[in-house]
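Engineer: pasting the sequence and the predicted model now:
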Amino acid sequence: MAPVALVDCNNFYASCERVFNPRLEGQPIIVLSNNDGCVIARSNEVKALGIPMGEPWFRIEKLAKRHGIVVFSSNYALYGDLSARVMGILGRFSPRQEIYSIDECFLGLDGFNPCDLRAYAQKIRQVVKQGTGIPVSIGIAATKTLAKLANHVAKKRVQFEGVCDFWQFNCAELDALFSALPVSEVWGIGRRITRRLEAMGITTVQDLKSADPRWIRQQFSVTVERTVSELNGTVCIELEDHATPKQQIISSRSFGTPVTGLQDLSEAVCSYTTRAAEKLRHQGSVAGSIGVFLETNPFKPDEPQYHPSLLIPLVAPTDDTRLLAQAALKGLERIFKPGFLYKKAGILLMSLCPRSEKPQSLFDNPLVESRSAKLMQIMDQINRTMGPDTLKLAGSGLQQPWRMRRSRKSPNYTTCWADLPTVIAN
DNA sequence: ATCACGGTTTGCA
DNA sequence: CTAACGTGCAAACCGTGAT
């Protein structure tokens, strides 16, 4: 049985802010979503106050002030950079690593003796903390679903000191543990399925583990059935140590203030397309079609609502930002209607396939194509070395009045020289 | 009756 | 002062027209 570890950073975004501002140690911290909309990360002190994840900021602003909570806009440049450092260190501890999200990864520990991996896990925690300042917790078990659960236990129970290894439990102990955990803690069991399971009398992890897999499949789906098998120690979800290319790439943002005009929407659509195209090239794919959508504010039911979308097939699959933006803007013009307060716009790249498998067409012009490829390469390189958006399409605009609010962003400590004077001044 | 499809909804993190 | 609620992805689902 090959052990799997799930390493997860504790309160990741809050911890990132603390790394560069140690005075925040022990202080309550929250980090807000894009547009300073709602709470997406909380330090332990804030969790203890009972402020839930996803809570809209405007509803807790007063409470936060009362408790002296330190509030940050999200700073993805900072979190992404620290994430890369943490992942780099973690990768040294196993030849098989699956980076699952910005703050967690699985490590395949095949070949390691499962008898006692706790010391190894403690070593991992110590090295990551020393190298980055970020505290992590580690769960170890036979399947990814169980490792996730073990990680949860490692975080929740202080006596485990950040590491929980299910191999250290016998059957009776495991039964007792699982009977004390709500079914909603299981990876893949979200709000909706939890509600339905509870209605059927399945309320704990143990209940779900001992449910009949065929019945679960019939009532729910293969996905939930797999989850049940994984709880029983049967591997159904393999470790994916090489990133599979995305089937679709979405780029969308809410606006800082409502937008009414086609000009502003065009700028937004143009820059979202630029970001998506960068991701597309990064994974070495081309897109066969591009979708555009607009949204008014659904939280204001009194205002006229309109959420159009349109899918535009491309003449030939491409990864050229200019061609993609052209198509997206043409689509935008077709769905745009004046007289609405738009809150959000976005684009989707679809029908993706590897550049190498792109079908040749009679109308391909090899000279034009190679120029396009070279131009995109140079753009990507300049933006990579000199900072994002150093070189962009004119259609993205300069003022960008629609940009999201981020009034409480910390400096980009690790990725922006220009931000450092702020740091020193503080 | 069955399948492939595309668009929409659901669900998760 | 006021108003203020994220994003990205895949799987499941569903209606349609072709076979």
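Structural biologist: That came in fine, so what should we check first?
Engineer: let me see the contact set for the closest residue to residue A:167 other than its chain neighbours.
Structural biologist: Spatial nearest neighbour of residue A:167, chain neighbours left out: residue A:114 (5.0 Å); criterion: Cβ to Cβ, 6 or more residues apart in numbering. Every residue, glycine included, has its C-beta placed from N, CA and C. Counting by Cβ atoms under 8 Å, 6 or more residues apart in numbering, residue A:114 makes contact with A:1, A:3, A:167.
Engineer: tally of neighbours for the first one?
Structural biologist: This means residue A:1. 11 (other Cβ atoms under 10 Å).
Engineer: now do the contacts for it.
Structural biologist: A:114, A:142, A:233.
Engineer: wasn't residue A:369 part of a helix?
Structural biologist: Yes: counting by DSSP: H, G, I helix; E, B strand; the rest coil, residue A:369 is found in a helix.
Engineer: that one: how many residues sit nearby?
Structural biologist: So residue A:369, with other Cβ under 10 Å, has 14 neighbours.
Engineer: nearest residue to residue A:276 in space, please, no chain neighbours.
Structural biologist: Per Cβ to Cβ, 6+ apart, closest to residue A:276 is residue A:251, 4.1 Å.
Engineer: close to DNA strand C, is whatever helix or strand the one you found lives in?
Structural biologist: Under the criterion of DSSP states H and E, residue A:251 resides in strand A:249-259. Yes: using Cβ under 7 Å from any atom of the strand, strand A:249-259 reaches DNA strand C at A:249-254.
Engineer: out of these, which are buried?
Structural biologist: A:249, A:251-254 (16 or more other Cβ atoms under 10 Å).
Engineer: and the furthest pair within the residues you listed?
Structural biologist: A:249 and A:254 (18.5 Å; Cβ to Cβ).
Engineer: which positions in the stretch 251-400 of chain A make contact with DNA strand B?
Structural biologist: Looking at DNA strand B, the residues of the stretch 251-400 of chain A close enough under Cβ under 7 Å from any atom of the strand are A:309, A:311.
Engineer: repeat that for 10 Å
Structural biologist: Those residues of the stretch 251-400 of chain A that sit near DNA strand B, judged by Cβ under 10 Å from any atom of the strand, are A:288-289, A:291, A:293, A:307-311, A:313, A:348, A:350-351.
Engineer: buried ones only from these, please, as a PyMOL command.
Structural biologist: Applying 16+ other Cβ under 10 Å to those, the buried members can be selected in PyMOL as follows:
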select buried, chain A and resi 288+289+291+293+308+310+348+350+351
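Engineer: can you flag which of the residues of the stretch 251-400 of chain A next to DNA strand B belong to strands?
Structural biologist: In strands, defined here by DSSP state E, the members of those are A:288-289, A:291, A:293, A:309-311, A:313, A:348, A:350-351.
Engineer: looking at those residues, which is nearest DNA strand B?
Structural biologist: Closest approach to DNA strand B among those (Cβ to the nearest atom of the strand): residue A:311, at 4.9 Å.
Engineer: so who does the residue of chain A found nearest DNA strand C touch?
Structural biologist: For chain A, the residue closest to DNA strand C is residue A:37, as judged by Cβ to the nearest atom of the strand, at 2.7 Å. Taking Cβ under 8 Å, 6+ apart, we find residue A:37 in contact with A:56-57, A:254.
Engineer: which phi and psi values does residue A:105 adopt?
Structural biologist: Backbone torsions of residue A:105, given as degrees, to the nearest 10, read phi -150, psi 150.
Engineer: could you do residue A:223 as well?
Structural biologist: On the backbone of residue A:223 - angles per degrees, to the nearest 10 - the values are phi -60, psi -50.
Engineer: report how many residues lie close to it.
Structural biologist: Around residue A:223 there are 13 residues (other Cβ under 10 Å).
Engineer: leaving out sequence neighbours, find the closest residue to it.
Structural biologist: Using Cβ to Cβ, 6+ apart, the closest residue to residue A:223 is residue A:188 (6.5 Å).
Engineer: need the contact list for the one you found.
Structural biologist: Contacts of residue A:188 by Cβ under 8 Å, 6+ apart are A:145, A:223-224, A:227.
Engineer: can you narrow those to ones near DNA strand C?
Structural biologist: Okay, of the contacts of residue A:188 touching DNA strand C (Cβ under 10 Å from any atom of the strand), that's A:223-224.
Engineer: need the contacts of residue A:188 in a markdown table with pLDDT, can you?
Structural biologist: Conversion of the contacts of residue A:188 to a markdown table gives the following (pLDDT from 0 to 100):
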| residue | pLDDT |
| --- | --- |
| A:145 | 94 |
| A:223 | 85 |
| A:224 | 88 |
| A:227 | 91 |
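Engineer: of the contacts of residue A:188, which belong to helices?
Structural biologist: Among the contacts of residue A:188, DSSP state H puts A:145, A:223-224, A:227 in helices.
Engineer: from those residues, which would you call buried?
Structural biologist: Using 16+ other Cβ under 10 Å as the threshold, A:145, A:224, A:227 are the buried ones among those.
Engineer: can I get those residues in JSON lines with distance to residue A:78?
Structural biologist: Shown next, in JSON lines, are these (distance: Cβ to Cβ, whole Å):
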{"residue": "A:145", "distance to residue A:78": "31"}
{"residue": "A:224", "distance to residue A:78": "37"}
{"residue": "A:227", "distance to residue A:78": "34"}
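Engineer: and the helices in the stretch 301-426 of chain A?
Structural biologist: Under the criterion DSSP state H, counting those that start in this stretch, the stretch 301-426 of chain A contains helices at A:321-335, A:366-386, A:420-425.
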